[in-house]
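Undergrad: Sharing a sequence plus its predicted fold:
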Amino acid sequence: MRFTSALLSLALSASAFAGDTVKIGVAGPMTGDQKETGEQLKNGAELAAEHVNKAGGVNGKKIELVWGDDEAKPPQAKVVAEKFANDPDIMLVVGHFNSSCTLAGQTTYDRVGLVEFSPASTNPTVCEKSKWTFRNLYRDDFQGQLLARVAKEILGAKKVCVFFDNDDYGTGLKDSFVGKAKEIGLEVAQVEAYTRDTADFSATLDAFNAKKPDVIFISGIYNSAAAIVRQARSKGMKAQFVGGDGLKDDALIKNAADAAEGLVLTSPFSIEATSEKAVAFRKAYNDKFGRDPGTWAAQVYDAVMQGAVAIKKGGLDRTKILEAMQAMNTKEKGYDGVTGVTWFDKNGDCEKPAFVEIVKDGEFVPHEKQLK
């Protein structure tokens, strides 16, 4: 398949390893209240493994995916990390999704020397704490600042209220947004936290409404955000809602229905991307699963593909795989994938853009205005 060979460039060789497969662990919320995201992770990983294997595998060996369901809960993420760490045949982990889960598993991966490659965790500290941790998207100190600029420069806001999930992702993104908002002259009228099991947001929404904000910024995950916007609109609130990439899931639109219309958010990938690889990926995903890929399917797809490149270079040696990841340290040496070029700085962070999107007619679409 021309698509596969163009993406991989793995220059597959004769069998270099003992055994028939090379194992990659995939960790994320396969069940629980973020299971919709877990389905995206699973589909993206399966498609990537299929493409690698159809092209001959890694050094002649097929990729075998090993699933780890962390349920979006840090304690369960530790269980998954121990499972992967104790399997000597797992050469690299793609995951976790939530920043709190990535951080929870990090100590274990660090202890045994196993690369943890997150396709979604954006808390600024994720990669700073371990040389074994990498990610293929931006940090929240970038994303939050961009969103504050979106509120002012695109939406024309003067006053904002902030509602944040009190976890590593929600807190880190909130801090970045609030700091930049104040710096550029936005009035931050009120900042309130919630927990992921909160069902009734009425009291805080009433308090926000009394402040008459132009924008309410939600720093959290899509399921809570759906409830927040639905309850706000039922109260007749007119404020514009803005959020980060944690809101990017079709379940938000499904659960919030018309209340989601007009919501503005950031995303590391746009389904409307026009690069040859993005277009080919969209077609391949549609052919296999019967629908367009979500952002997190694309992110995981690229992570598995890039991980395969590192394993090819490092062989069945976790330390050499680490070194292969670290060697992708310039744009020229990076992995050119569906979501763009991923290369790493000394911490394992990467510099990639964020797309500004809006919910329009029940779909996530690129906003007519973008910021750099």
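TA: Perfect, thanks for sending it.

Undergrad: how close does Glu128 get to Thr107?
TA: Distance of Glu128 to Thr107, computed by Cβ to Cβ, to the nearest Å: 14 Å. C-beta: built from backbone N, CA, C; applies to glycine.

Undergrad: how about stretch 302-317: buried residues?
TA: Buried residues in stretch 302-317, counted by 16 or more other Cβ atoms under 10 Å: 302-316.

Undergrad: no, scratch that, I was asking about stretch 79-88
TA: Residues Val79, Val80, Ala81, Glu82, Lys83, Phe84, Ala85 are the ones in stretch 79-88 that count as buried (16+ other Cβ under 10 Å).

Undergrad: same thing with stretch 184-203?
TA: So stretch 184-203, judged by 16+ other Cβ under 10 Å, has buried residues Leu186, Val188, Ala189, Gln190, Val191, Ala193, Tyr194, Arg196, Phe201.

Undergrad: for the record, mean pLDDT for stretch 38-57?
TA: For stretch 38-57, the mean pLDDT works out to 98.

Undergrad: repeat for stretch 327-340
TA: Mean per-residue pLDDT for stretch 327-340: 97.

Undergrad: Quick check: end-to-end length of it?
TA: Stretch 327-340 has its terminal residues 18 Å apart, counting by Cα to Cα, to the nearest Å.

Undergrad: Touching that stretch from outside, list them.
TA: Identification of contacts with stretch 327-340 by Cβ atoms under 8 Å, 6 or more residues apart in numbering yields 7, 136-137, 268-269, 273, 275, 277-278, 281, 298-299, 301-302, 305-306, 309-310, 313, 341-346, 350, 352-353.

Undergrad: and the residues you listed, which are buried?
TA: 7, 136-137, 268-269, 273, 277-278, 281, 298-299, 301-302, 305-306, 309-310, 313, 341-344, 350, 352-353.

Undergrad: Was I right to think Ala239 contacts Phe217?
TA: No: counting by Cβ atoms under 8 Å, Phe217 is not a contact partner of Ala239; they are 9.9 Å apart.

Undergrad: which residues do these two both contact?
TA: Common neighbours of Ala239 and Phe217, counting by Cβ under 8 Å, 6+ apart, are Cys161.

Undergrad: more crowded one of those two?
TA: For the pair Ala239 and Phe217, the greater number of neighbours falls to Phe217 (32 against 22), based on other Cβ atoms under 10 Å.

Undergrad: Angles on the backbone of the residue nearest to the spatial centre of the chain, please.
TA: Centroid-nearest residue in the chain: Ala120, 2.2 Å away (criterion: Cα atoms, centre = their mean). Here is the backbone geometry of Ala120 (degrees, to the nearest 10): phi -150, psi -20.

Undergrad: do the same with Phe177
TA: Residue torsions, per degrees, to the nearest 10, at Phe177 are phi -60, psi -50.

Undergrad: Need the pLDDT of it.
TA: 99.

Undergrad: With the one 4 residues further on instead?
TA: In this prediction, Ala181 carries a pLDDT score of 99.

Undergrad: gap between the two ends of stretch 360-372?
TA: Where stretch 360-372 begins and where it ends lie 22 Å apart, using Cα to Cα.

Undergrad: Quick one: the helices in the stretch 201-350 of the chain, in order.
TA: In the stretch 201-350 of the chain, the helices defined using DSSP state H, counting those that start in this stretch lie at 202-211, 222-234, 250-256, 276-289, 295-314, 318-326.

Undergrad: want to try JSON lines for those, with distance to Asn53 as columns?
TA: Listed next are the helices of the stretch 201-350 of the chain as JSON lines, based on distance: least, Cβ to Cβ, whole Å:
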{"stretch": "helix 202-211", "distance to Asn53": "49"}
{"stretch": "helix 222-234", "distance to Asn53": "32"}
{"stretch": "helix 250-256", "distance to Asn53": "28"}
{"stretch": "helix 276-289", "distance to Asn53": "14"}
{"stretch": "helix 295-314", "distance to Asn53": "10"}
{"stretch": "helix 318-326", "distance to Asn53": "19"}
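
Undergrad: nearest to Trp132, of these?
TA: Of all the helices of the stretch 201-350 of the chain, it is helix 318-326 that lies closest to Trp132, at 6.3 Å by Cβ to Cβ.

Undergrad: Just name whatever secondary elements that closest one is in contact with.
TA: Contacts defined by 3 or more Cβ pairs under 8 Å, 6 or more residues apart in numbering; DSSP states H and E place helix 318-326 against strand 90-94, helix 295-314.

Undergrad: Kindly calculate the angle that the longest one makes with strand 90-94.
TA: Direction vectors for helix 295-314 and strand 90-94, defined by axes from the mean of the first three to the mean of the last three Cα atoms, to 10 degrees, enclose an angle of 150 degrees.

Undergrad: From the chain's centroid, how far away is helix 295-314?
TA: How far helix 295-314 lies from its chain's middle: 13 Å, per Cα atoms, centre = their mean, to the nearest Å.

Undergrad: With stretch 358-372 instead?
TA: Counting by Cα atoms, centre = their mean, stretch 358-372 comes out at 18 Å from the chain centroid.

Undergrad: re the thing from before, out of the helices of the stretch 201-350 of the chain, which one sits most buried?
TA: Counting by mean count of other Cβ atoms under 10 Å, helix 295-314 has the highest mean neighbour count of the helices of the stretch 201-350 of the chain, with a mean of 26.

Undergrad: returning to what we had before: among the helices and strands packed on helix 318-326, which comes closest to Pro213?
TA: helix 295-314 (27.2 Å).
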